[in-house]
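1. Take a look and give me a structure for this.
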Amino acid sequence: MIRLPPFERLRPNTFTEASQMLEAHEGEAMVLGGGTDILAKMKKGITQPRYLVDLSTVSGARYVDYKEKDGLRIGSMTTLTELETSRVLQERFPLLAKAAGQVGSRQLRNMGTIGGNLSQDTRCWYYLQSSFGQKCTPPCFKRSGDVCHVVKGGDRCYALFMGDMAPALIALGATVKICESQGEKVIPLETLYAGDGNRPLGLEPHHILAEVEVPVPPPNSAGAYLKLRQRSSVDFPIVGVGAMIQLEGKNCLDARIALTGVGPAPLLLQEAGEILRQQEMSPEAILQAAQAAAKEASPVSHMGVPAGYKREMVKVHVKRALEKCLEKLNYDPK
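-> Got it, this is the predicted structure:
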């Protein structure tokens, strides 16, 4: 049996109090949400905080609230199962319900939270080795070393962000509320990520993701989330695609496409979206956008998946996601 190392659990009543605890124990404390990520790493000896700030005791942090005027608000401690089964999401944001249902297994979704899924650490086989495996290889960038075992001679960490909820929410233009001891701020979700495999979030250690906000879907729009993985459950994505399209007649008013599993942060595809905007949705336009997506993603061979295969799967799944959006809008591009 693999046991957890000793730690002290701190129980804040508010996010402000939680942030103050993190500040007071800077360098020794980490956030505990659902625990599906941090506890597994602690058992492997990857990280050993002296304190865990348990957000399950924060009052009013678990909710799904939708208003036609203001949009959707999700508390960061809301579980993925609650999102998957939410009637509001199934009716108004089926893209999010689908993405939530694609995360891990039922047991993991019962524990895992939306805040934890969005702020999860990047993944790499070399980084996630057991304590025994860690002794067999020199420490990498993510372990305070000076080497990357994925890209030989690489000067940075190539660990992958592999969360499912981020691309779906980014496609919908979501923002997140960040709390600290001195107040709070709201930022676009895509700016939460630093694009650094070693330190994936662009936040200070005492910052806490408190809420996700999603605007009201624009008229005549639809979204889709597609995920490629080795097994039909449990596995992280090889490629995940979140897409949203808004039409006016045959023309695309707006298109947002985001990827996961292709780099150290979820990727909002600028060129692919720009290709589709203000032109007629045709098979040629969809293919052109999918090809641009594969080029913009520029993955490396990682986690047992060759770069060429992943690039091809980006093209295939972006094309399928866009076609799925049009199908929901009862529009045939042929």
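2. Only C-alpha atoms from now on, for both contacts and neighbour counts.
-> Noted.
3. Do a quick rundown of the strands in the chain.
-> Assigned by DSSP state E, the strands in the chain fall at 8-10, 29-32, 51-54, 64-67, 71-75, 175-180, 183-188, 208-214, 221-228, 239-248, 251-260, 267-268.
4. Check the ones you listed for me and report the most buried one.
-> Highest mean neighbour count of the strands of the chain: strand 239-248, a mean of 26 (counted as mean count of other C-alpha atoms under 10 Å).
5. any residues touching that strand, and which ones?
-> In this structure, residues lying in contact with strand 239-248 by C-alpha atoms under 8 Å, 6 or more residues apart in numbering are 95, 164, 167-172, 218-229, 252-262, 310, 313-314, 317-318, 321-322, 325-326.
6. So which of the strands of the chain is nearest residue 289?
-> Proximity to residue 289 (C-alpha to C-alpha) singles out strand 251-260 among these, at 9.7 Å.
7. avg pLDDT for that closest one?
-> For strand 251-260, mean pLDDT rounds to 97.
8. Grab the CA positions of that strand and hand them over as PDB.
-> What follows is strand 251-260, C-alpha atoms only, in PDB (Å, rounded to 0.1, in the frame of the first residue of the first chain):
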ATOM      1  CA  ASN A 251     -21.700  32.800 -43.400                       C
ATOM      2  CA  CYS A 252     -19.700  32.300 -40.200                       C
ATOM      3  CA  LEU A 253     -20.000  35.300 -37.900                       C
ATOM      4  CA  ASP A 254     -17.600  33.900 -35.300                       C
ATOM      5  CA  ALA A 255     -15.600  30.700 -34.700                       C
ATOM      6  CA  ARG A 256     -13.500  29.800 -31.700                       C
ATOM      7  CA  ILE A 257     -11.500  26.500 -31.600                       C
ATOM      8  CA  ALA A 258      -9.300  25.400 -28.800                       C
ATOM      9  CA  LEU A 259      -7.100  22.300 -28.300                       C
ATOM     10  CA  THR A 260      -5.800  20.300 -25.300                       C
END
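9. pretty sure residue 212 is in contact with residue 74, am I right?
-> Yes - assessed by C-alpha atoms under 8 Å, residue 212 is found in contact with residue 74 at 5.1 Å.
10. Poorly predicted segments of the chain, please.
-> Across the chain, residues meeting the criterion (pLDDT under 70) sit at 1.
11. And the helices in it?
-> Secondary structure of the chain (DSSP state H): helices located at 15-24, 38-43, 80-84, 87-92, 94-101, 106-111, 114-118, 131-134, 165-171, 270-276, 283-297, 307-328.
12. Show me the domain layout of this structure.
-> When the chain is parsed with automatic domain parsing, its domains come out as 1-59, 221-328.
13. Nearest to residue 147, out of these?
-> domain 221-328 (15.3 Å).
14. returning to that earlier point: can you put the helices of the chain in a markdown table and add mean neighbour count and distance to residue 188?
-> Formatted as a markdown table, these follow (neighbours: other C-alpha atoms under 10 Å; distance: least, C-alpha to C-alpha, whole Å):
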| stretch | mean neighbour count | distance to residue 188 |
| --- | --- | --- |
| helix 15-24 | 20 | 20 |
| helix 38-43 | 18 | 25 |
| helix 80-84 | 23 | 20 |
| helix 87-92 | 15 | 20 |
| helix 94-101 | 24 | 17 |
| helix 106-111 | 16 | 25 |
| helix 114-118 | 25 | 13 |
| helix 131-134 | 13 | 36 |
| helix 165-171 | 28 | 8 |
| helix 270-276 | 19 | 15 |
| helix 283-297 | 20 | 20 |
| helix 307-328 | 20 | 22 |
